[in-house]
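Student: Provide a 3D model corresponding to the input given below.
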Amino acid sequence: MGFGGMGGGLGKMLMKQMEEMQRNMERIQAELGQERIAATAGGGMVTATANGMGTLVDLQIKAEVVDPEDVEMLQDLVLAAVNEALEHAQTRREERMGEVTGGLNVPGMGQLPGMFR
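Tutor: Residues are numbered from 1 along each chain as shown. The predicted structure is shown next:
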């Protein structure tokens with residue numbers, strides 16, 4: 001069953017809103033790609049930096065932490081810094097995308113806050 005006389009206008013309005021949402025999502029994704037989110041481990045001995053899209057873009061390791069006798073510690077510090085940077089990037093991405101999607105729950109993308117208000 002259709003929307004009667006409102007069908008065409010409602011459909012055009014929804015299409016316009018979807019196109020605007022798509023443009024906003026593309027803009028936010030571009031902005032997230034430029035953002036830098038850093039996390040450290042070992043008191044700043046290891047710093048991992050990700051962009052807002054969750055891609056690791058830099059990894060700094062201070063020479064003092066490189067000990068051939070304790071490679072496992074260095075591995076642990078790198079993992080801790082990288083995981084923290086990626087977690088922060090994911091949180092930031094979800095916050096920014098929530099600005100556009102507002103609450104829609106999309107399979108594979110998780111909860112998109114605020115879509116249905």
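
Student: does the residue lying closest to residue 29 once chain neighbours are set aside count as helix, strand or coil?
Tutor: Distance criterion CB to CB, 6 or more residues apart in numbering; nearest residue to residue 29, sequence neighbours excluded, is residue 53 at 6.7 Å. For glycine as for every other residue, the C-beta is placed from the backbone atoms N, C-alpha and C. Recorded secondary structure, residue 53: coil (DSSP: H, G, I helix; E, B strand; the rest coil).

Student: so who does residue 53 touch?
Tutor: 29, 32, 33, 89, 93 (CB atoms under 8 Å, 6 or more residues apart in numbering).

Student: Which of those ranks first by neighbour count?
Tutor: Among the contacts of residue 53, residue 89 has the most neighbours (other CB atoms under 10 Å), with 24 neighbours.

Student: which one among the contacts of residue 53 gets closest to residue 77?
Tutor: residue 89 (18.7 Å; CB to CB).

Student: thought the closest one was touching residue 54?
Tutor: Yes. Residue 89 lies in contact with residue 54 (CB atoms under 8 Å); the separation is 4.5 Å.

Student: Out of the contacts of residue 53, which sit inside helices?
Tutor: 29, 32, 33, 89, 93 (DSSP state H).
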